[in-house]
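Student: After the sequence you'll find the predicted model.
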Amino acid sequence: MDLVINDPKWVKPTSYSLLERTFLPLMKDERDLIFIRTSALLSLTVFPLAIALFLSPAEIVWMAALPYIGFVFLNFGGRFGLMLHATGHRPIFKREYKFIQNYIPFVMGPFLGHTPTSFAAHHMWMHHAENNMLGDASSTLPYKRDSFFHFLHYFVRFFFMGHFILTRYLLIRGRNKTALRFWFGELCWFALAGLALSINAPAALVVFIIPMLMMRWLMMAGNFAQHAFIDVTDPDNGYKNSNNLVNAGYNHKAYNDGYHIVHHLKPAMHWTDMAQYFEDNMDKFAEADAVCFDGLGDNQSIWFNLMFKRYDNLANHLVNFKGRTHEEKVAFLKSRVQTQVGEIPPILFWETDADVVRFDRKTGVSVNQALATE
């Protein structure tokens, strides 16, 4: 079909800045110098503002709270979160310099609402390993993905029980070091938050705690939207358990994060290659009846449209691989989000069978339990 893609692709610069020339010998891939620029801009902008809040009296902090949070999240929330994502999948420094990358999650992360090691432990070691199947504690399969009450259950369960569910999952999978690193990062964040509260409690709330609460909500809403349009008859199919956002301004700010189908198919693919990969393989996306939106916005836009049942708007942006009418597109999208697989798990409890060794990705049942029923 005739779909022109204008999302970011790699164009080699004609020259590099002094900062870039300094870091280039340390990098695995020159395309990742954009993360050096982003890190420098964020550090020189957000850190001074945060320090200023900690040096201010409470009344000034509260007056500045909304402008500060709005400025930080609108300018750096998406860029940082997807930089953390991209550099987690593809470390950017050569082996002998890899320690430098800790600056991203451990130093910058808390200022953008991220605890240092939680994203990597959850996203790469559980979410991608299970591919949104029922063994993934953040799986969307048991939920109606256009129901706010189902999303609220999804969020509350993971917010309050996520630490324990993730830890148990990692231990079951034998990823003990990942579990220890996860808790090390969490304890570092709690220590930082406690110290910050003792210095200037209002500033600590504005700089660290409120952004963390906001980011947890946004990340869960984003994952809910990214895995909303699942074909439950083939839920482990990478073309059918996620969606793509093409020709979205969001892709220019967030390193082609809209290409979530491509990302699940090729998790290690460099973000600058994703748009070209989609173009080169569009026939495969069409054959699989993949859900792709043209010019829609971002993942939060999908979430908003689903929560308010704005299917007409979603259908207007749906790439029409199968030549459907508008009404057929609406029906197709509804069928994808309203069909559930598995039972909605309890909010405050989880399976405690000591004999569990691993989960079956599609059923969520432990292998030992499955064998015991045969």
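Tutor: On my side now, so go ahead.

Student: Which stretches in the stretch 101-250 of the chain count as helices?
Tutor: For the stretch 101-250 of the chain, the helices defined by DSSP state H, counting those that start in this stretch occupy 118-122, 128-130, 148-172, 176-199, 201-204, 210-226, 249-253.

Student: Only the buried residues of the shortest one, if you could.
Tutor: Of all the residues in helix 128-130, those buried under the rule 16 or more other C-beta atoms under 10 Å are 129-130. All C-beta spots, glycine's among them, are computed from the backbone N, C-alpha and C.

Student: try the last one
Tutor: Of the residues in helix 249-253, those with enough neighbours to count as buried (16+ other C-beta under 10 Å) are 250-251, 253.

Student: now do the fourth one
Tutor: Of the residues in helix 176-199, 178-179, 181-183, 185-186, 188-189, 192-193, 196 count as buried by neighbour count, 16+ other C-beta under 10 Å.

Student: These into JSON lines, with extra columns for distance to Thr140?
Tutor: What follows is those, written out as JSON lines (distance: C-beta to C-beta, whole Å):
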{"residue": "Thr178", "distance to Thr140": "23"}
{"residue": "Ala179", "distance to Thr140": "24"}
{"residue": "Arg181", "distance to Thr140": "26"}
{"residue": "Phe182", "distance to Thr140": "22"}
{"residue": "Trp183", "distance to Thr140": "26"}
{"residue": "Gly185", "distance to Thr140": "25"}
{"residue": "Glu186", "distance to Thr140": "24"}
{"residue": "Cys188", "distance to Thr140": "30"}
{"residue": "Trp189", "distance to Thr140": "26"}
{"residue": "Leu192", "distance to Thr140": "32"}
{"residue": "Ala193", "distance to Thr140": "30"}
{"residue": "Ala196", "distance to Thr140": "34"}
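
Student: and of those residues, the nearest to Thr167?
Tutor: Set against Thr167, the nearest of the buried residues of helix 176-199 by C-beta to C-beta is Ala179 (5.3 Å).

Student: For the closest one, which non-adjacent residue is closest in space?
Tutor: Leu170 (4.1 Å; C-beta to C-beta, 6 or more residues apart in numbering).

Student: ok, that neighbour to Thr117 distance?
Tutor: Separation of Leu170 from Thr117 (C-beta to C-beta, to the nearest Å): 11 Å.

Student: nearest to Leu314, of the helices of the stretch 101-250 of the chain?
Tutor: Here helix 210-226 is closest among the helices of the stretch 101-250 of the chain (C-beta to C-beta), at 10.7 Å.

Student: sorry, back to before: who are the contact partners of the residue nearest to Ala179?
Tutor: Listed by C-beta atoms under 8 Å, 6 or more residues apart in numbering, the contact set of Leu170 reads 121, 125-126, 176, 178-179, 182.

Student: Show me which pair in these is furthest apart.
Tutor: Farthest apart among the contacts of Leu170 - using C-beta to C-beta - are Met126 and Asn176, which lie 14.3 Å from each other.

Student: Point to the residue nearest the middle of the protein.
Tutor: Met219 (5.5 Å; C-alpha atoms, centre = their mean).

Student: hang on, the earlier thing: which two from the buried residues of helix 176-199 end up farthest apart in space?
Tutor: Thr178 and Ala196 (27.0 Å).

Student: how big is the angle separating the strand or helix carrying Ser301 from helix 210-226?
Tutor: Using DSSP states H and E, Ser301 maps to helix 299-307. Orientation check (axes from the mean of the first three to the mean of the last three C-alpha atoms, to 10 degrees): helix 299-307 against helix 210-226 gives 60 degrees.

Student: just checking, what packs against helix 299-307?
Tutor: helix 148-172, helix 210-226, strand 243-246, helix 311-317 (3 or more C-beta pairs under 8 Å, 6 or more residues apart in numbering; DSSP states H and E).

Student: do that again at 10 Å, thanks
Tutor: With contacts taken as 3 or more C-beta pairs under 10 Å, 6 or more residues apart in numbering; DSSP states H and E, helix 299-307 sits against helix 148-172, helix 210-226, strand 243-246, helix 249-253, strand 291-294, helix 311-317, helix 326-337.

Student: looking at the ones you listed, which is buried most?
Tutor: strand 243-246 (a mean of 26; mean count of other C-beta atoms under 10 Å).

Student: pLDDT on it, on average?
Tutor: Confidence over strand 243-246 (mean pLDDT, whole number) is 97.

Student: So which of the helices of the stretch 101-250 of the chain is nearest Arg336?
Tutor: Per C-beta to C-beta, nearest to Arg336 of the helices of the stretch 101-250 of the chain: helix 210-226, 12.3 Å.

Student: what is the orientation angle of the closest one with helix 148-172?
Tutor: 100 degrees.

Student: pLDDT on helix 210-226, on average?
Tutor: On average, helix 210-226 scores 97.

Student: Just give me how far that helix sits from the chain centre.
Tutor: Centroid separation between helix 210-226 and its chain, computed with C-alpha atoms, centre = their mean, to the nearest Å, is 8 Å.

Student: And for stretch 37-56?
Tutor: Using C-alpha atoms, centre = their mean, the offset of stretch 37-56 from its chain centre is 24 Å.

Student: which residues do Leu170 and Thr117 both contact?
Tutor: 178, 180-183 (C-beta atoms under 10 Å, 6 or more residues apart in numbering).

Student: ok, Ser301 to Gly249 distance?
Tutor: Taking C-beta to C-beta, one finds Ser301 at 11 Å from Gly249.

Student: any low-confidence regions in the stretch 201-350 of the chain?
Tutor: 349-350 (pLDDT under 70).

Student: contacting residues around the nearest residue to Ile347 once chain neighbours are set aside?
Tutor: The shortest distance from Ile347 to any non-neighbouring residue, by C-beta to C-beta, 6+ apart, is to Arg157 (4.5 Å). Contacts were defined as C-beta under 10 Å, 6+ apart; by that measure Arg157 touches 137-138, 165, 220, 344-350.
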